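[1] here's my sequence, what's the structure:
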Amino acid sequence: MSYTMNRHILRWTIIASSFIIISLILWNTYIFFQNFKAEERIKMQNWSFAQSELLKSETDENVDLTLKILSSNHTTPMLAIYKDGSLGTYNNIDEKAIKNPVTVKYLIEKFKSENNPIDVYYNKEIYYTIYYGNSPLINKLKYYPLALLLIIVLFAAVVYFFYRSSKIAEQNKLWTGMAKETAHQIGTPLSSLIGWTEILRSEDVNPSYLLEIEKDISRLQTITERFSKIGSIPTLIKADIVKETVESYEYLKARSSTLIDFKIEAPEHPIYVDLNTQLYSWTIENLVKNAIDSMKGKGGLKVSIIENEKDVRITVTDSGKGIPKSLFHKIFEPGFTSKKRGWGLGLSLAKRIVEDYHNGKIKVLHSEINKGTTMQISLKLIP
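    Next up is the predicted model:
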């Protein structure tokens, strides 16, 4: 418990620290951007002051200094508009573009949205107004926080998916080990049961009793094969989905409560798919048992097989308590269960068997609270 709590605290500490670091980086970037803009404005104010001085200069010495200041702007786009609206001087703007009055108006509005205009005075009156935009460097800096944020998000996503993949791989390894160990543990008493069956047969026990015992032994052998296949790539063979579904249905029906009204709708002709019969019967068993649990051992259960042009769909419908729509996907997650007892692995295993091993689909087709649920499996047909 202490170890889990420490990991939880460490995780949130790392998240909080990362958030604080990201916030500081973005804030400092914003401050740097604003300071740089302030420097740009000071530069343009000096430029406008030089223009004013040029207008009233009387000595060549002052003119030379002023022209030197005016010629120092190589980056910031600007244009000067006289009081009557005509274009005066301009700098760092394309020669062809500036000849178009529409472009000039557009630039004025654009520059006004980026920086406040600066008025140039002559004889205490506004001589013209300087409109200036952001330099290329400022425009690049403007998108720097977004680029930085995107890099951080991508990095966080990579870390998250790496952590999630590692965790899933660890869980899969654990489940595989547990499944194979379970198969091994079942094998020993199963061999003993087979031996005892032979002894009972020699003692003239009622053959019908032995038949039922042999069915359950066969079932245990099937379960052992299922668990031994977890973690391995199963072998798929061409099989009749109708036959396999009916056999699983009949077995479960014979061993379920008589309060369950079982029904099945299946075509008379065979329908062939690529199938691992042991794992498929396990999936049907999980769906039927979940349906029975949902109905609390009493209600109607219907299994249907519907053939389409490209696939076959197997549905299991119950009259149980239903599933909220918000949980349609969550019920397939490992560990999720609405029951007081259980590991929450049945539907997770069913999803893996259908989608990972058989390249099919499994989903909640329909569900209403207190009315029932329909689960659907879709598998591709083969000739």
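
[2] wait, residue 351 touches residue 364, no?
    No. Judged on Cβ atoms under 8 Å, residue 351 makes no contact with residue 364 at a distance of 11.3 Å. For every residue, glycine as well, the C-beta is placed using N, CA and C.

[3] give me the below-cutoff pLDDT ranges for the stretch 51-200 of the chain.
    Along the stretch 51-200 of the chain, segments meeting pLDDT under 70 span 51-73, 168, 170-181, 183-185, 188.

[4] swap that for the stretch 251-383 of the chain, please
    Scanning the stretch 251-383 of the chain for pLDDT under 70 picks out the ranges 335-336, 338-344.

[5] got the residue ranges for the helices in it?
    Counting by DSSP state H, counting those that start in this stretch, residue ranges of the helices within the stretch 251-383 of the chain are 277-294, 346-351.

[6] what helices and strands are in contact with the first one?
    Taking 3 or more Cβ pairs under 8 Å, 6 or more residues apart in numbering; DSSP states H and E as contact, the helices and strands that helix 277-294 lies on are helix 207-229, strand 237-240, helix 241-254, strand 299-307, strand 311-318, helix 346-351, strand 372-380.

[7] give me the residues contacting the fifth one.
    Residues outside strand 311-318 that contact it (Cβ atoms under 8 Å, 6 or more residues apart in numbering): 241, 245, 271, 273, 284, 287-288, 291-292, 294-295, 299-306, 360, 365, 372-381.

[8] so which strand or helix has residue 31?
    Secondary structure from DSSP states H and E places residue 31 in helix 2-56.

[9] quick one on the thing from earlier: just send the helices of the stretch 251-383 of the chain back as a markdown table, with distance to residue 85 too.
    Below are the helices of the stretch 251-383 of the chain laid out as a markdown table (distance: least, Cβ to Cβ, whole Å):
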| stretch | distance to residue 85 |
| --- | --- |
| helix 277-294 | 79 |
| helix 346-351 | 71 |
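
[10] which among the ones you listed is found nearest to residue 259?
    For the helices of the stretch 251-383 of the chain, proximity to residue 259 was assessed by Cβ to Cβ; helix 277-294 is nearest, at 9.7 Å.

[11] may I have the closest one exported as PDB, CA atoms only?
    Provided in PDB are the C-alpha atoms of helix 277-294 (Å, rounded to 0.1, in the frame of the first residue of the first chain):
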ATOM      1  CA  THR A 277     -12.700 -23.500 -32.000                       C
ATOM      2  CA  GLN A 278     -11.500 -23.600 -28.400                       C
ATOM      3  CA  LEU A 279     -11.000 -19.900 -28.100                       C
ATOM      4  CA  TYR A 280     -14.300 -19.100 -29.900                       C
ATOM      5  CA  SER A 281     -16.300 -21.400 -27.600                       C
ATOM      6  CA  TRP A 282     -14.600 -19.500 -24.700                       C
ATOM      7  CA  THR A 283     -15.900 -16.200 -26.100                       C
ATOM      8  CA  ILE A 284     -19.500 -17.500 -26.400                       C
ATOM      9  CA  GLU A 285     -19.300 -18.900 -22.900                       C
ATOM     10  CA  ASN A 286     -18.100 -15.500 -21.500                       C
ATOM     11  CA  LEU A 287     -20.900 -13.700 -23.300                       C
ATOM     12  CA  VAL A 288     -23.600 -16.100 -22.200                       C
ATOM     13  CA  LYS A 289     -22.400 -16.200 -18.600                       C
ATOM     14  CA  ASN A 290     -22.300 -12.300 -18.500                       C
ATOM     15  CA  ALA A 291     -25.800 -12.300 -19.900                       C
ATOM     16  CA  ILE A 292     -27.000 -14.800 -17.200                       C
ATOM     17  CA  ASP A 293     -25.300 -12.700 -14.400                       C
ATOM     18  CA  SER A 294     -27.000  -9.600 -15.800                       C
END
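
[12] name the residues of it that are buried.
    Within helix 277-294, the residues scored as buried using 16 or more other Cβ atoms under 10 Å are 277-288, 290-294.

[13] next one: it to chain centre, how far?
    28 Å (Cα atoms, centre = their mean, to the nearest Å).

[14] ok, stretch 348-366 next?
    Mean-position distance between stretch 348-366 and its chain equals 18 Å (Cα atoms, centre = their mean).

[15] what sits up against stretch 363-371?
    By Cβ under 8 Å, 6+ apart, stretch 363-371 touches 315, 319, 321-325, 328, 331, 373-376.
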